[in-house]
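**Q** Could you look at this predicted model? Sequence included:
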Amino acid sequence: MKLLTTLLCMSLSVALSTNISHAAEPPNIILILIDGLGRDSVSAYGSDQATPNMDQLARDGVRYETVWSMPACNPTRVTLLTGQYPFRHGWTEHRNAAELERNGLSWEQFPTVAKRLHEGGYQTAIGGHWQVNHLGKQPDALREHGFHESCVWDPSDLKENGHNESGTPAHLLINGNREKVENGSERINTFLTDFTARNRNRPFFIYYPMLLNSAMLHRSNQRDHETPSKKTAQHATRVKHADQLVGNLISAVDRNGLREKTVILLTGKNLSAIDNRKGQARQPRHSDRISAHGVHVPLIVRAVGMSTAGRVSQDLIDVSDFYPTFVELADLELPDHAVLDGRSFVPSLRGSEDPYEKRNWIYSQLGKTRMIRDWQHVIDNHGNFHDLQKDPLQQQKVSPLDKIAPGRRQRLQMILDRFPGETGGPPPEDTSKD
């Protein structure tokens, strides 16, 4: 009997040890961030544009319907990386640190999610755009921000890089070494697929703010002198190329046996240059008024074993939520020293129906314009208030016969009024157009 008891105890100990070890193994995390990828560019959201790899990601994961970015590139990037809104980190307009000859984002004042994951044992990599530090003046910026490895387009010497429309050859900064290549987007994509293979036996984080060759400096598809049909064709080519690069990375993950161990997230930074939704004009950047449509971006998440495949979610998410979501996925503690505006959407990924585990409003900002919405209504700090279900273009005043609207407006206004003024980040004169 004593021998039997001993054997049972040993078996139980081994089983518990195995379960604990398995449960403690955090997933790999890949975030794909694509400039100008609007919902109307992805066929999973109803576009005529063929995006087979993005669509497959949606069939295997969760497609989110109500996700907000910031209206410009670098405010989106910095908000995502820091988990803080622009009024805290100061990037309220698009700022290119290299063009401005400024140092850029402070890693001491604004530690990124990459740094937190690095500290938690993740191997970390970035491939694509950076632009929030002058890498010529701060060659160690990427490592200071938490990236073990990097392969980024380096615009720190614009005269050398040139302003050609094709965007090639590209000047890349690869793990601190400058390299001139004929196809920057393919080189970065290969760098990241290789990274997944080299790190398949330990948790990794990939931040992929995708570089597309035709968009390296001046987006030719946004030039005023080109016809709408030409712009549309150029945009379609860019989306097709982006979809191919997404497919390459997904294939590398699956080929290395990491499908069940990797959470892949795909989203856009801002609205596409070409708006395919009839009757809805693109909201101009650098406007005193921003629209909900202008910051409404796609989000597709594949989390095998965590999420039900093919699910469509109406849960509210904004770009500040990625930081706390990644930290929770990694089973790490949030930092004590930083104020985070984001909220983890891990409960949403798991299919939770508990409203207390989810957001009930989301936020966006450009310059001094601030905007907030719930599931139905939107308000900004200029007094504009609209019902997005009845008036998605925000062109009509809310009917005075709507008895629910006044209470909703008051609640949203109270939330908006709670936010502080501008509290940090780059000096106000550090502004440039996107």
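**A** Yes, it's here.
**Q** where do the strands sit along the stretch 201-350 of the chain?
**A** Secondary structure of the stretch 201-350 of the chain (DSSP state E, counting those that start in this stretch): strands located at 204-209, 262-268, 299-303, 311-318.
**Q** Name the residues of the top helix by length along the chain that are buried.
**A** Taking DSSP state H as the criterion, the chain has its longest helix at helix 228-255. The neighbour-count check on helix 228-255 (16 or more other CB atoms under 10 Å) flags 231, 234-236, 238-239, 241-243, 245-247, 249-250, 252-253 as buried. C-beta here means a position set from N, CA and C on the backbone, and glycine is covered the same way.
**Q** Go ahead and confirm residue 66 touches residue 360.
**A** No - taking contacts as CB atoms under 8 Å, residue 66 lies outside contact range of residue 360: 11.5 Å.
**Q** Of these two, give the one with the bigger neighbour count.
**A** Higher neighbour count among residue 66 and residue 360: residue 66, with 19 against 12, using other CB atoms under 10 Å.
**Q** Doesn't the more buried one belong to a strand?
**A** Yes - according to DSSP: H, G, I helix; E, B strand; the rest coil, residue 66 belongs to a strand.
**Q** check contacts around it.
**A** For residue 66, the contact set (CB atoms under 8 Å, 6 or more residues apart in numbering) comprises 296, 314-317, 362, 375.
**Q** quick one: which of these is nearest residue 399?
**A** Of all these, residue 399 sits closest to residue 375, with 18.2 Å by CB to CB.
**Q** Who are the contact partners of the closest one?
**A** Contact analysis of residue 375 by CB under 8 Å, 6+ apart lists 66, 314, 316, 360.
**Q** quick one on the thing from earlier: rebuild the contacts of residue 66 as CSV, extending it with pLDDT and distance to residue 147.
**A** Supplementary listing: the contacts of residue 66 in CSV, determined by pLDDT from 0 to 100; distance: CB to CB, whole Å:
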residue, pLDDT, distance to residue 147
296, 94, 29
314, 96, 34
315, 98, 30
316, 98, 30
317, 98, 24
362, 98, 28
375, 94, 36
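**Q** Of those, which pair is most distant in space?
**A** Put simply, by CB to CB the two of the contacts of residue 66 set farthest apart are 296 and 315, 14.2 Å from each other.
**Q** now the stretch 301-434 of the chain, which segments are flagged as low pLDDT?
**A** 424-434 (pLDDT under 70).
**Q** and the longest helix of the chain, what other elements does it pack with?
**A** strand 28-34, helix 52-60, helix 184-198, strand 262-268 (3 or more CB pairs under 8 Å, 6 or more residues apart in numbering; DSSP states H and E).
**Q** which parts of the third one are buried?
**A** Same thing as helix 184-198. The neighbour-count criterion (16+ other CB under 10 Å) identifies 184-193, 195-196 as the buried residues of helix 184-198.
**Q** Out of those residues, the closest to residue 206 would be?
**A** residue 192 (5.8 Å).
**Q** Just among the contacts of residue 66, which is most surrounded?
**A** So for the contacts of residue 66 (other CB under 10 Å), the most neighbours sit at residue 317, 25 neighbours.
**Q** bridging residues for that one?
**A** residue 67 (DSSP bridges).
**Q** surely it meets residue 297?
**A** No - with contacts counted by CB under 8 Å, residue 317 stays clear of residue 297, the gap being 9.8 Å.
**Q** need the contact list for residue 361.
**A** Neighbouring residues of residue 361 by CB under 8 Å, 6+ apart: 316, 372-374, 412, 415.
**Q** Oh, that last question was meant for residue 86, not what I typed.
**A** Shown in contact with residue 86 (CB under 8 Å, 6+ apart): 70, 75, 78-79, 92, 365, 425.
**Q** can you list these in a markdown table and add neighbour count?
**A** What follows is the contacts of residue 86, written out as a markdown table (neighbours: other CB atoms under 10 Å):
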| residue | neighbour count |
| --- | --- |
| 70 | 30 |
| 75 | 29 |
| 78 | 28 |
| 79 | 28 |
| 92 | 25 |
| 365 | 25 |
| 425 | 22 |
